[in-house]
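Novice: got a structure for you, letters missing:
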């Protein structure tokens, strides 16, 4: 159930709110990475979602301008979004892949770039993750759904 005022329902989310959520997302990724709670790549994410969807706490779908014309990628995104919605997994669209690459170390061993189009954040070792930054991001996702924005777009802050 969504408890929002008329002003909140009629207005878009403020830039300040978006910046705060972007910083919170940066904190979530920074704390999840050393714990091994990040799955990177469309194929790897699909495998992880299939094996243990209850362990996934957040799904990020990332694109750059040139990716908007990639039909195959958009089909993958549609399928991942549907699966996440069906399994109550919060989803965010991220529009700064360079920043995302800096946060999650966008290069595999051997220098090959990672597929950053889909990034999953999972609970560490089956426990429940209590993180104020994650709570802020999840709250933003819930508020966005109340405004019929099922996959809100976040711009990560420049580093």
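Specialist: Arrived safely, thanks for sending. On a predicted model such as this, the values are computed, not experimentally measured, just so you know.
Novice: Grab the longest strand from the chain for me.
Specialist: In the chain, assigned by DSSP state E, the strand with the most residues is strand 56-62.
Novice: Which secondary structure elements does that strand sit against?
Specialist: In terms of contacts (3 or more C-beta pairs under 8 Å, 6 or more residues apart in numbering; DSSP states H and E), strand 56-62 is packed against helix 42-51, helix 71-86, strand 91-94, helix 97-104, strand 118-122, helix 132-146. From N, CA and C alone the C-beta is placed, and that goes for glycine too.
Novice: so which of the ones you listed is the most packed in?
Specialist: strand 118-122 (a mean of 24; mean count of other C-beta atoms under 10 Å).
Novice: same question for that strand, mean pLDDT?
Specialist: Averaging pLDDT along strand 118-122 gives 94.
Novice: Give the pairing partners of that strand; include direction for each.
Specialist: According to DSSP bridges, strand 118-122 forms sheet pairs with strand 38-40 (antiparallel), strand 56-62 (antiparallel).
Novice: right, so of those strands, which gets closest to residue 110?
Specialist: Nearest of the strands paired with strand 118-122 to residue 110, taken as C-beta to C-beta: strand 38-40 at 14.9 Å.
Novice: which other residues reach the closest one?
Specialist: The set of residues external to strand 38-40 that reach it, using C-beta atoms under 8 Å, 6 or more residues apart in numbering, is 29, 32, 45, 48, 104, 114-116, 118-122.
Novice: just these now: which is nearest residue 23?
Specialist: Lowest distance from residue 23 to the contacts of strand 38-40 (C-beta to C-beta) belongs to residue 29, with 10.9 Å.
Novice: tell me the contacts of the closest residue to residue 119 other than its chain neighbours?
Specialist: Among residues not flanking residue 119 along the chain, residue 60 sits closest, at 4.3 Å (C-beta to C-beta, 6 or more residues apart in numbering). When contacts are counted by C-beta under 8 Å, 6+ apart, residue 60 touches 25, 91-94, 100, 118-121.
Novice: would you list these in JSON lines and tack on distance to residue 67?
Specialist: Formatted as JSON lines, the contacts of residue 60 follow (distance: C-beta to C-beta, whole Å):
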{"residue": "25", "distance to residue 67": "19"}
{"residue": "91", "distance to residue 67": "16"}
{"residue": "92", "distance to residue 67": "16"}
{"residue": "93", "distance to residue 67": "11"}
{"residue": "94", "distance to residue 67": "11"}
{"residue": "100", "distance to residue 67": "12"}
{"residue": "118", "distance to residue 67": "12"}
{"residue": "119", "distance to residue 67": "14"}
{"residue": "120", "distance to residue 67": "18"}
{"residue": "121", "distance to residue 67": "21"}
